[in-house]
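> Everything below, folded, please.
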Amino acid sequence: MNKNIRVLVFPCGAENAVEIHTALKDVVNIELYGASSRDDHGQFIFKNYFGDIPFITDLNFIKKFNQILVDNKIDIVIPTHDDISLYLAENSQNLYAKIAVPGLKQAQIARSKKLTYNLFKKERFCPVVYNNLDSIVNFPCFCKPDKGQGGKGAFVINNQKDLKTLDLARLKDYVITEYLPGEELTVDCFTDKNNELKFIGPRKRNRVFGGISVNSSVVPVDNEIKQIAKTISDKVSMRGLWFFQLKKNIVGKYKLLEISVRTAGTMNLYRGLGVNFPLLTVYDLLNYDVNIIQNDYYLEVDRALFNRYKSSLKYDSIYIDFDDTITKNNKVNPFVMQFIYHAINSNKKIYLITKHIHDINKTLIKLKINSSLFDNIILLKPDDQKYKAIDLVNNPIFIDNAYAERYEVKKHLNIPVFDIDAINTLIDWRE
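All right, here's what the predicted structure looks like:
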C-alpha cells in the first residue's frame, strides 16, 4: 500500500457512522472523510467534513456527490443507512468510487423483509409469514414495516379484534409474522472476496434504546447460529461486513428477523476483541487478503451519550494547576493528560503553575510525567496569587480545580477559567 486510502462515510453523523470513524481514524494508511445531507454529529468528529450534500431524492445528487469524490480522490464510500446503501448500489456504475455494499441484489434483499423471507422460506430459521389476513390463526402475531429498522413502526396483533381494526391499505407495506417471545441476538459477520465466511459474532441485545443496542455482550457461536450465518452468506452472496438478527420462538428455536449490509453501531463490541469490521471491509474491497485475530474472552459494552463541543474560544497558551488538577488522589489524571497532549498537538504553550509543597521535579519523575511537556514551570509560595504570574500577551486560559483560584484570575484578568469537568469542551475531536 503505497498511498493513503481515502474513505468517505455517508451519512456521517449517526451512531454507526461514529463507530466507523472510531474504527478507522487511527489506521495509518486511511484518510477519513465524512458527508451528510443535513448538519449532524459528523461535523464534530470528521476533520474533513461536507455538510451540504443533496438528498438522494435530489436530481443533482449524483453530479454533486461525484464532484466531491473526484475533488478529494475518494477511493471508497461507506454508506451508513439501508436506504443509502440501496441507492448507492443501484447507481454504483455512475459513481467515481467503490461502494462498500456487497452488490445491488444483496442491498435489495437486505432492505426488504418480504424479499428476505421469500428467499429463505424453505429454511427452518425463517419465521411463519402470513401473506394474507385470512391465514392468521395463531395469536399474538407481529406486524412490522417491510422496509424498516430498529423496531420502528412495529406492533403486536393480539387477537381477531385487533386484526379487524387494521388499515388494509397501509398493510401492503408491512409484513406479518409469527410472534417471537424469546431471546434476541444480533450476529455480526464478515465474508471475504472468496465468499468465505470468516467471522461470526453473536451478541445479546441486553438493553435497547431508540432501536439501538446500548448494552450488549458476546455470546458463543453454537451450531444453530453457525448454520444460519453460513446459509445467509452463501445464498445472498455476501461480501464484507454484514449482520443479521435472530429471535427465539416459543419452542426456543432461532428465527430470522432481518439482515443488513451496513455497519452496526454495536460492532464496537467485537472490535474490542480484535475484529475491526470497517477496516476488514475496506481492505477486502481493495482485493487484499485479510485475516482475523480474535481475542477470546467475555466482553460487554454499555453505551451512553458522549458529549463533543463546538466553540468560538481562541487561545494560545494554557496555565494549568498541578495538585488535584493534573493529579487525582495523588495519581495522574489520564483525562487531563489527554487534554495536555491534545494541546501540544495544537501548538498551544503550556505553563504549569503550582504551589506544590514538595520538589515538583521529583514529583513529576515519580508520576512519570516528563517536565518537557511544559513550556515553563511556575513555582509559587502558598500565599502567592496566581493571577500575578499569568502573562496576558500569550492569550491564555486558566485551569484549576480550586474555585478561589479561578475566581481571583477571572476577577483580575477576565480570561476564560475552567475546572476539570469542563476540559472536555476544549478538545477538538475532529479527525
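> so what's residue 239 up against?
Neighbour list for residue 239: 102-103, 106, 191-193, 195, 284 [criterion: C-beta atoms under 8 Å, 6 or more residues apart in numbering]. Every C-beta, even on glycine, is put in place using the N, C-alpha and C of the backbone.
> and with 10 Å instead?
Contact criterion C-beta atoms under 10 Å, 6 or more residues apart in numbering gives 100-103, 106, 190-195, 233, 261, 281, 284-285 as the residues in contact with residue 239.
> Ok, residue 309 next?
For residue 309, the set of contacting residues under the criterion of C-beta under 10 Å, 6+ apart consists of 44, 422, 424-429.
> Just give me the neighbour total for residue 241.
When counting by other C-beta atoms under 10 Å, one arrives at 29 neighbours for residue 241.
> now the helices: where do they sit in the stretch 151-300 of the chain?
Assignment of helices within the stretch 151-300 of the chain using DSSP state H, counting those that start in this stretch yields the ranges 160-164, 168-171, 223-236, 268-271, 277-285.
> With the stretch 1-150 of the chain instead?
Going by DSSP H, counting those that start in this stretch, the stretch 1-150 of the chain shows helices at 15-24, 42-45, 61-71, 82-90, 104-111, 113-119.
> Out of those helices, which gets nearest to residue 248?
Shortest separation from residue 248 across these is recorded for helix 113-119, at 17.2 Å, computed as C-beta to C-beta.
> The closest one - contacts with which helices or strands?
The contact analysis (3 or more C-beta pairs under 10 Å, 6 or more residues apart in numbering; DSSP states H and E) places helix 113-119 against helix 104-111, strand 129-130, strand 174-178, helix 223-236, strand 254-260.
> Just the buried residues of it, please?
Of the residues in helix 113-119, those buried under the neighbour-count criterion (16 or more other C-beta atoms under 10 Å) are 113, 116-117, 119.
> and the residue of the chain positioned farthest from its centre, what does it touch?
When each C-alpha in the chain is compared with the mean C-alpha position (C-alpha atoms, centre = their mean), residue 383 comes out farthest, at 48.8 Å. When contacts are counted by C-beta under 10 Å, 6+ apart, residue 383 is found next to residue 355.
> so where's the protein uncertain?
Judged by pLDDT under 70, the chain has its weakly predicted residues at 1-2, 150, 168-169.
> Swap in 50 and give it another go.
Scanning the chain for pLDDT under 50 picks out no residues.
> Which parts of the stretch 301-431 of the chain are helices?
With DSSP H, counting those that start in this stretch as the criterion, the stretch 301-431 of the chain has helices at 334-345, 360-366, 403-413.
> just to revisit the earlier point, include distance to residue 328 and mean neighbour count when you put the helices and strands packed on helix 113-119 into JSON lines, please.
What follows is those, written out as JSON lines (distance: least, C-beta to C-beta, whole Å; neighbours: other C-beta atoms under 10 Å):
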{"stretch": "helix 104-111", "distance to residue 328": "47", "mean neighbour count": "21"}
{"stretch": "strand 129-130", "distance to residue 328": "57", "mean neighbour count": "18"}
{"stretch": "strand 174-178", "distance to residue 328": "53", "mean neighbour count": "20"}
{"stretch": "helix 223-236", "distance to residue 328": "44", "mean neighbour count": "17"}
{"stretch": "strand 254-260", "distance to residue 328": "42", "mean neighbour count": "21"}
